[in-house]
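Engineer: Turn this into a model:
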Amino acid sequence: MELEIKDEFIRLGQAMKLAGLADDGVQAKLEITQGNVTVNGEQEIHRGRKLYPGDIFSFRGQDTVIVEKR
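Structural biologist: Numbering: from 1, shown residues only. Model prediction:
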């Protein structure tokens with residue numbers, strides 16, 4: 001899946017919500033802090049992690065690639 005962003009970066013929690021992988025910020029925070037999300041193949045526990053075009057985050061077997069809005 002691709003997630004288009006218009007700004008320079010997006011925070012991980014926001015990206016999860018926009019991709020439909022979390023219903024709200026609370027759920028995103030819980031999943032991230034419990035170690036259920038990886039960024040570029042490494043476990044990430046900080047929901048404020050900045051994601052840039054080309055970064056890939058994974059949650060429950062779903063890979064999402066951050067891309068610059070065309």
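Engineer: how many neighbours does residue 3 have?
Structural biologist: For residue 3, the neighbour count with other CB atoms under 10 Å is 21. For every residue, glycine as well, the C-beta is placed using N, CA and C.
Engineer: My guess is it contacts residue 15. True?
Structural biologist: Yes: counting by CB atoms under 8 Å, residue 3 does reach residue 15; the two are 5.9 Å apart.
Engineer: Now the common contact residues for those two.
Structural biologist: 64, 66 (CB atoms under 8 Å, 6 or more residues apart in numbering).
Engineer: Please identify the buried residues of the strand ranked longest in the chain?
Structural biologist: Ordering each strand of the chain by length in residues (DSSP state E) puts strand 62-68 first. For strand 62-68, a neighbour-count test (16 or more other CB atoms under 10 Å) marks 64, 66 as buried.
Engineer: Could you do stretch 6-20 as well?
Structural biologist: 10, 12-17, 19.
Engineer: Just the C-alpha atoms of the helix of greatest length in the chain, please, in PDB.
Structural biologist: With secondary structure taken from DSSP state H, the chain has its longest helix at helix 25-33. C-alpha atoms of helix 25-33 as PDB (Å, rounded to 0.1, in the frame of the first residue of the first chain):
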ATOM      1  CA  GLY A  25      -4.500   8.200  18.000                       C
ATOM      2  CA  VAL A  26      -5.000   6.100  21.200                       C
ATOM      3  CA  GLN A  27      -5.000   2.900  19.300                       C
ATOM      4  CA  ALA A  28      -2.000   3.900  17.200                       C
ATOM      5  CA  LYS A  29      -0.100   4.800  20.300                       C
ATOM      6  CA  LEU A  30      -0.900   1.500  22.000                       C
ATOM      7  CA  GLU A  31       0.200  -0.500  19.000                       C
ATOM      8  CA  ILE A  32       3.400   1.400  18.500                       C
ATOM      9  CA  THR A  33       4.400   1.500  22.200                       C
END
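Engineer: which is the next helix or strand following that helix?
Structural biologist: strand 37-39 (DSSP states H and E).
Engineer: partners of that next one in the sheet?
Structural biologist: Strand 37-39 sits in its sheet next to strand 42-44 (antiparallel), strand 56-59 (antiparallel), going by DSSP bridges.
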